[in-house]
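Asks: 3D, please:
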Amino acid sequence: MVTKNEIKSQKSFLQKLRSDAAGNTLAMAAAALFPIMGLVGGGVDMGRAYMAKARLQQACDAGVLAGRRNMTQDTMTAADIAEAQKFFDFNFPEESFGSTKFDATVMDKDGTVASVNKLVFQDGADARVVEGQAQTTIKTTLMRVFGYENMVIKTDCSSRLDVGNVDVMMVLDVTGSMGNSVSDGGSRLDALKVAVEDFYGILGPGGGATGEQIRYGFVPYSSTVNVGEILYDANPDWLIGGNVNERATYQTRQAVFEVEDKTAPGYSLVENDFVESLNQLDGPECTDRYAENLNVDTYFVPNPDGNPVAISETRAGNIKTVVTDRFSYLSWNGSTDAPPAGATGSANWRVCERTRTRSTEEIPIVQVDKWEPGALRISDWVYNELTHDVYDYVRSIKSGNPAAQNPSEGAEALERWDGCIVERQSDNSITTATTTIPSDAYDLQIDLLPTNAVTKWSPFWRNLKYDRSSNPATSGSKIALSGDSAACPAPARKLQSYTTYDDGSTNDLQSYIDGLQDGGFTNHTIGMIWGARLLSADGLFKTENESAPNGFSIGRHVVFMTDGSMVIRQTNYGAYGFQKLDDSIAAANSGDGTLEDLQAHRFQLMCAATRAKGWTIWVVQFGVTNVTPNMLACASSPGNASAATDKASLQAAFANIAQKIGGLRLSN
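Replies: Numbers count the residues shown, from 1 in each chain. Model (predicted):
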């Protein structure tokens with residue numbers, strides 16, 4: 001039998017055993033293992049997922065930015081998509097962080113679809129937006145113990161160009177050297193055309209969600225610029241010749257005609273005593289036209305010996321009885337050269353002889369500088385700085401107005417103005433040490449409106465220009481008209497919006513750019529002058545340029561492209577006249593090097609004046625590996641100047657400018 005004391009002792013042991021916790025730690029640890037694993041495993045896997053998601057977003061953003069930057073059209077091409085994927089892959093190589101491939105379909109244990117992975121870059125709803133979507137799956141580590149094998153991560157991204165109101169004036173060197181070939185095919189000018197069109201493709205036509213205005217202007221330049229029709233349409237009074245009887249000055253020649261002064265005392269010609277007969281050598285042209293000293297219907301040019309020529313004269317004392325005049329003209333028929341309108345006959349000199357018989361006192365002869373009915377002959381040519389009435393020539397820029405007579409030809413040689421200009425008055429005291437533009441250097445004034453002869457522009461008239469050895473002279477030679485010596489580039493264009501560039505519309509940017517041709521020497525100054533004038537909101541075109549339709553501010557940019565240094569020749573005819581004889585920027589007969597140094601300095605003065613207006617100047621120099629100091633100094637900053645050696649690098653330079661102007665950014 002168990003005694004009371006034994007029972008008490010057994011109870012004490014059990015009670016002690018019950019209250020003793022020394023053996024519970026392992027059991028409790030075993031019970032807590034699974035929740036702890038869930039917390040740690042979840043933290044590890046979620047941390048991996050967050051890191052992967054952040055890197056996936058970064059890669060997606062890089063992809064859409066690269067794709068939009070690469071675009072030159074309104075929609076993405078295969079090359080644009082490939083560029084986007086290249087940047088994505090660089091930032092998030094496939095299977096990073098243990099992720100599955102982007103083209104995979106991932107299944108859970110129970111056979112259900114966990115994720116359809118994808119990587120897509122495509123056009124957004126807006127033409128300027130590129131969208132991207134990326135989705136992949138990360139395999140879990142510790143969490144798979146609890147049945148969670150896959151974590152899906154995905155992201156969306158997009159980029160666009162936020163432009164605002166922008167005016168871009170492209171000042172483009174189209175001189176003769178732009179015809180040189182480049183290593184990757186075509187000429188420099190061909191490469192420029194592609195680069196400009198790509199620029200438009202990147203920056204676009206404007207008119208986005210905020211109604212922004214994007215306008216483009218163009219100033220092709222060589223030794224002058226073609227802005228004549230722009231000025232004439234804006235206000236003919238801005239041009240010398242915009243009004244009747246206005247005369248411009250040229251280094252030229254002038255025919256001296258002899259006519260009878262019928263107002264002289266002693267003149268008593270009786271019409272019945274005046275007999276005029278005609279030795280008809282070429283039919284009705286002589287009978288009907290030359291008999292009255294009128295131009296024939298064919299093309300008339302002076303005989304090299306001068307015409308008309310008095311071939312005989314009979315006198316008795318001071319009585320002139322017989323005068324025979326010979327006239328010569330040239331006509332075409334079937335010639336290899338294109339004949340003038342209305343030309344007939346063969347390509348030979350034709351001759352008319354006119355005999356006049358008088359019985360009266362000798363009639364005094366006076367000289368005039370323009371052919372008129374009754375003119376006897378060209379007695380001489382005078383070579384000098386002369387003025388000519390240019391009203392008809394300026395008006396001839398419009399096809400509805402008649403062509404003008406060239407006064408240096410001595411007859412009705414009809415020509416039309418092609419629009420190139422001679423700059424208004426300058427100050428030839430400017431040196432390479434000049435730091436500010438003198439007030440009377442009207443050529444370097446961006447916003448000065450023309451009000452008188454020295455502040456107006458005159459027409460560039462290459463067929464009027466003659467060189468000479470002295471001043472004045474009785475002999476001289478026509479300046480060279482072929483090659484680069486008197487080139488006139490394509491017409492400039494004011495700022496305007498383009499809704500397209502390749503559909504053949506009236507404001508078709510592509511057809512304009514494709515029509516540019518190379519030729520002429522290089523005067524950067526005249527290009528920058530007119531780029532600034534056409535861009536300015538304070539000068540000639542203030543009403544067109546001072547505001548945008550949406551009322552917001554306008555960012556103004558000059559994109560200046562050249563392939564060479566300043567090339568000025570004293571025997572070249574350009575915006576500053578005929579340098580050998582004119583003293584517009586330096587003394588006449590100044591050497592080519594002096595003229596180039598002066599124009600290079602004037603270029604810097606114009607660059608400074610343009611930057612001072614708060615505009616941005618971008619410079620692209622073609623054909624060099626490093627931008628020259630003169631061009632670098634013109635740009636708004638060193639980062640705004642770039643060099644290009646071939647077509648690809650020129651396209652890249654223009655694309656980079658377009659992207660920076662546009663402000664490429666992420667949309668979300």
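
Asks: Can you list the buried residues in stretch 238-248?
Replies: Neighbour-count burial for stretch 238-248, counted by 16 or more other CB atoms under 10 Å, picks out W238, L239, I240, G241, G242, E246, A248. Where C-beta positions appear, they are placed from N, C-alpha and C, glycine not excepted.

Asks: swap in stretch 211-223?
Replies: E212, Q213, I214, R215, Y216, G217, F218, V219, P220, Y221, S222, S223.

Asks: tell me the contacts of V171?
Replies: Counting by CB atoms under 8 Å, 6 or more residues apart in numbering, V171 touches V219, Y221, G527, M528, W530, G531, V558, V559, F560, M561.

Asks: neighbours of the fifth one, just the number please.
Replies: In terms of burial, W530 registers 27 neighbours under the definition other CB atoms under 10 Å.

Asks: So which other helices or strands are in contact with the host helix or strand of it?
Replies: If you go by DSSP states H and E, W530 is part of helix 524-535. Judged by 3 or more CB pairs under 8 Å, 6 or more residues apart in numbering; DSSP states H and E, helix 524-535 is in contact with strand 165-173, strand 214-221, strand 493-496, strand 554-562, helix 592-612.

Asks: Check the gap between V152 and V120 for me.
Replies: 16 Å (CB to CB, to the nearest Å).

Asks: remind me which residues of the protein are low pLDDT?
Replies: When residues are selected by pLDDT under 70, those of the chain lie in 1-45, 141-148, 207-210, 260, 262-365, 368-379, 410-412, 500-507, 664-665, 667-668.

Asks: Helices of that one, start to end?
Replies: For the chain, helices defined by DSSP state H occupy the ranges 4-19, 25-70, 78-91, 188-203, 228-234, 284, 391-395, 509-514, 524-535, 542-545, 592-612, 629-634, 647-662.

Asks: dump the residue contacts of the closest residue to V390 other than its chain neighbours.
Replies: In space, and not counting its chain neighbours, V390 is closest to G241: 3.6 Å by CB to CB, 6 or more residues apart in numbering. Contacts for G241 were tallied using CB under 8 Å, 6+ apart; they are A248, D389, V390, Y391, Y393, V394, R395, S458, P459.

Asks: Counting neighbours, what do you get for K101?
Replies: Neighbour tally, K101, other CB under 10 Å: 12.

Asks: Which strand residues bridge the closest residue to W381 other than its chain neighbours?
Replies: Spatial nearest neighbour of W381, excluding adjacent residues (CB to CB, 6+ apart): R253 at 5.0 Å. Beta-bridge partners of R253, counted by DSSP bridges, are Y383.

Asks: got the contact list for R253?
Replies: W381, V382, Y383, N384, L386, S408, Y466, G476.

Asks: switch to 10 Å and redo it
Replies: Contacts for R253 (CB atoms under 10 Å, 6 or more residues apart in numbering) come out as 380-384, 386, 407-410, 464-468, 472-478.

Asks: Now go through those and say which are in strands.
Replies: Of the contacts of R253, the ones assigned to strands by DSSP state E are D380, W381, V382, Y383, N384, L386, Y466, D467, S477, K478.

Asks: For the last one, grab the count of nearby residues.
Replies: This means K478. 14.

Asks: ok, what's across the strand from it?
Replies: Here K478 sits in beta bridges with Y466, going by DSSP bridges.

Asks: Export the buried residues of stretch 238-248 to a markdown table and append columns for distance to Q73.
Replies: Output for the buried residues of stretch 238-248, formatted as a markdown table (distance: CB to CB, whole Å):
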| residue | distance to Q73 |
| --- | --- |
| W238 | 40 |
| L239 | 41 |
| I240 | 46 |
| G241 | 45 |
| G242 | 43 |
| E246 | 49 |
| A248 | 47 |
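
Asks: Out of these, which is nearest to A643?
Replies: Comparing these against A643 with CB to CB places W238 closest, at 37.7 Å.

Asks: ok so, going back, ok and the helix holding W530 relative to strand 165-173, angle-wise?
Replies: 160 degrees (axes from the mean of the first three to the mean of the last three CA atoms, to 10 degrees).

Asks: Can I get stretch 577-594 in CSV? Just the C-alpha atoms.
Replies: Extracted as CSV, the C-alpha positions of stretch 577-594 are listed here (Å, rounded to 0.1, in the frame of the first residue of the first chain):
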residue,chain,number,x,y,z
GLY,A,577,29.6,94.3,-105.0
PHE,A,578,32.7,93.8,-107.2
GLN,A,579,35.4,93.8,-104.6
LYS,A,580,38.2,94.8,-107.0
LEU,A,581,36.6,98.1,-107.8
ASP,A,582,34.2,98.7,-104.9
ASP,A,583,35.2,99.9,-101.4
SER,A,584,32.2,98.6,-99.5
ILE,A,585,34.2,96.8,-96.7
ALA,A,586,37.8,97.8,-97.6
ALA,A,587,39.8,99.9,-100.0
ALA,A,588,39.4,99.0,-103.7
ASN,A,589,41.9,96.4,-104.8
SER,A,590,42.4,95.0,-101.3
GLY,A,591,43.8,91.5,-101.4
ASP,A,592,41.8,88.4,-100.9
GLY,A,593,43.3,87.6,-97.5
THR,A,594,42.4,91.1,-96.2
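
Asks: Residues in contact with stretch 603-610: which ones?
Replies: Taking CB under 10 Å, 6+ apart as the rule, stretch 603-610 contacts 169, 430, 432, 434-438, 441, 443-447, 523-532, 535-536, 556, 558, 560, 566, 616-617, 619, 630-631, 633-636.

Asks: Buried only: go through those for me.
Replies: So, by 16+ other CB under 10 Å, the buried ones in the contacts of stretch 603-610 are 169, 430, 434, 437, 441, 443-446, 523-532, 535-536, 556, 558, 560, 566, 616-617, 619, 630-631, 634-636.

Asks: Contacts only, for G483.
Replies: Contacts of G483 by CB under 10 Å, 6+ apart are G176, G519, G520, F521.

Asks: Pull up the gap between V168 and F654, please.
Replies: Where F654 is concerned, V168 sits at a distance of 11 Å (CB to CB).
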